[in-house]
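>>> With the input below, show me the fold.
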Amino acid sequence: MTSKKGNISNFSRVSNPVSTIGNNLSTSLYSMLTLRRRMAWTFLALAIGILIAGFWNYKAVDDFGRDVVAGNIIGNTSTLAGTFGENGFGFDILFALAAGLAATFTACNCVMFAMLPGLTCSTDRSSSRKTALRALGVFSLGVLAVTAIYGLYVGSLGPDAVQAYNERQVRLSQASNIFTILGLFMLVWGAISSGFLNTIVSRIPSNIRSFFANPLTKAGLMGLQVGFFAVGRPFGVFRDFLTYAATTRNPLYGALMMSIQGIGQIALMVILFLVVISVFGKRLARLSSEKPHQVELISVVSLLLGGAYFVFYWGMAVPYGIGRWGEIFGLY
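Predicted coordinates for the structure are as follows:
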């Protein structure tokens, strides 16, 4: 016969909506870390993201991507942008890869890679590597889906329309809107994972919570985000690539080239991820099995840091000049 105390304890575990949420969407952080510690990690991540945004030197990053990466692969992209008649279809493949690789060294891709280990580790040691590789595939499909659809649009523009589309103010406005929205999405995701929105999440059906708690779903959402980076990116090399690809006025060709650009964009990230899984796979599996909250904490901190960076930089610093401390102090 079950004791009265046992009945009360069991009822408490079953009826506690926070516990149920923790098993579905808001993770183990709620149960393993106190509110004070979760808030401390949250404020630290937000502060670091804002500081990086305030001192971010986009000129140095853009110059590195244009001169070092793309420059050594294909040459001066601004000169090559209008040479489709001379270089043709084949050269655009190399152009697309160069544009994607040059974008690798922007802050957004670094943030995405920082989240990958925490989001793709399985709590089952025997399936951790397999789950991680499947998640990597889903992530890549998400990137390719968005870039291909965007490529359909770019390919249909033609040389005249793409010139207007590539105007600096147009691209900056588009970048501000897209990256700010993505940043807000990441902040909400981080808040849910930290357990701060359990009251709201508890009203969502359990099957939906379980779906979004699945590592493959998270990887797919990440892939879609990285794909949208191409839509928002105002990078000079990328604008030159758009000009070259749009010259054909062929949507299917634009989709193919933009997808190749997407592959180049995530190439280094994928390689580094595979190295991490190969070298540290067993350790990550053991850590995610024994201390899943620590793995989740890495993911949440990265989400909050990246979201704070996007919202502050693209939502405040770029459009309104707020918090551009690197320029204010004359550091660059």
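>>> Run through the chain and note the low-pLDDT ranges.
1-28, 107-128 (pLDDT under 70).
>>> Which helix runs longest in it?
helix 251-290 (DSSP state H).
>>> For that one, enumerate the helices and strands it packs against.
When contacts are defined as 3 or more Cβ pairs under 8 Å, 6 or more residues apart in numbering; DSSP states H and E, helix 251-290 sits against helix 84-103, helix 107-120, helix 128-155, helix 215-232, helix 236-246, helix 292-312. Where you see a C-beta, it was placed from the backbone N, CA and C, and this is true even at glycine.
>>> Contacts for the first one next, please.
Surrounding helix 84-103, the residues in contact under the criterion Cβ atoms under 8 Å, 6 or more residues apart in numbering are 65-66, 69-70, 73-74, 77, 80, 83, 109, 229-230, 233, 235, 237-238, 240-241, 244-245, 247-248, 253, 257-258, 260-268.
>>> so that helix versus helix 215-232, what angle?
Angle of helix 84-103 versus helix 215-232, following axes from the mean of the first three to the mean of the last three Cα atoms, to 10 degrees, is 130 degrees.
>>> Report the buried residues of helix 84-103.
84, 92, 95-103 (16 or more other Cβ atoms under 10 Å).
>>> Write the ChimeraX selection for whichever of the contacts of helix 84-103 are buried.
In ChimeraX, a selection of the buried entries from the contacts of helix 84-103 looks like this (16+ other Cβ under 10 Å):
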select :65,66,69,70,73,74,77,80,109,229,230,233,235,237,238,240,241,244,245,247,248,253,257,258,260,261,262,263,264,265,266
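>>> you'd agree residue 317 is up against residue 55?
No - counting by Cβ atoms under 8 Å, residue 317 sits too far from residue 55 to count as a contact (10.2 Å).
>>> Look at the two and report which has more neighbours.
More crowded of residue 317 and residue 55, by other Cβ atoms under 10 Å: residue 317, with 22 against 16.
>>> Return the distance of that one relative to residue 146.
Applying Cβ to Cβ, to the nearest Å, the value for residue 317 to residue 146 is 25 Å.
>>> Equivalent analysis for residue 137, please.
Separation of residue 137 from residue 146 (Cβ to Cβ): 16 Å.
>>> Show me which of these two is the more surrounded one.
Taking other Cβ under 10 Å, residue 137 and residue 146 do not tie; residue 146 has more neighbours (22 against 14).
>>> Surely residue 235 is in contact with residue 106?
Yes - using Cβ under 8 Å, residue 235 is in contact with residue 106, at 7.1 Å.
>>> what touches both of these two?
With Cβ under 8 Å, 6+ apart applied, the overlap between the contact sets of residue 235 and residue 106 consists of residue 65.
>>> picking that back up, may I see the buried residues of helix 84-103 arranged in a markdown table, with distance to residue 154 as well?
Formatted as a markdown table, those follow (distance: Cβ to Cβ, whole Å):
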| residue | distance to residue 154 |
| --- | --- |
| 84 | 13 |
| 92 | 12 |
| 95 | 13 |
| 96 | 11 |
| 97 | 16 |
| 98 | 17 |
| 99 | 12 |
| 100 | 14 |
| 101 | 19 |
| 102 | 17 |
| 103 | 15 |
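>>> List just the nearest of the residues you listed to residue 30.
residue 103 (35.9 Å; Cβ to Cβ).
>>> Stretch 310-321 spans what distance, first to last residue?
With Cα to Cα, to the nearest Å as the measure, stretch 310-321 spans 14 Å from end to end.
>>> related to what we said a few turns ago, tell me which of the helices and strands packed on helix 251-290 approaches residue 203 most closely.
Distance to residue 203, taken as Cβ to Cβ, is lowest for helix 215-232 among the helices and strands packed on helix 251-290, at 19.3 Å.
>>> Please point out which parts of that closest one sit buried.
So helix 215-232, judged by 16+ other Cβ under 10 Å, has buried residues 215-216, 218-232.
>>> now do stretch 271-279
Buried-residue list, stretch 271-279, by 16+ other Cβ under 10 Å: 273, 276-277.
>>> returning to what we had before: what's the closest of the helices and strands packed on helix 251-290 to residue 286?
Taking those one by one with Cβ to Cβ, helix 128-155 is closest: 8.9 Å.
>>> Put the alpha carbons of stretch 220-227 into CSV.
Taking C-alpha atoms only, stretch 220-227 is exported to CSV below (Å, rounded to 0.1, in the frame of the first residue of the first chain):
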residue,chain,number,x,y,z
GLY,A,220,16.3,22.7,-38.4
LEU,A,221,15.3,26.1,-36.8
MET,A,222,19.0,27.0,-36.6
GLY,A,223,19.5,26.1,-40.2
LEU,A,224,16.6,28.4,-41.2
GLN,A,225,18.1,31.2,-39.2
VAL,A,226,21.5,30.8,-40.9
GLY,A,227,19.7,30.7,-44.2
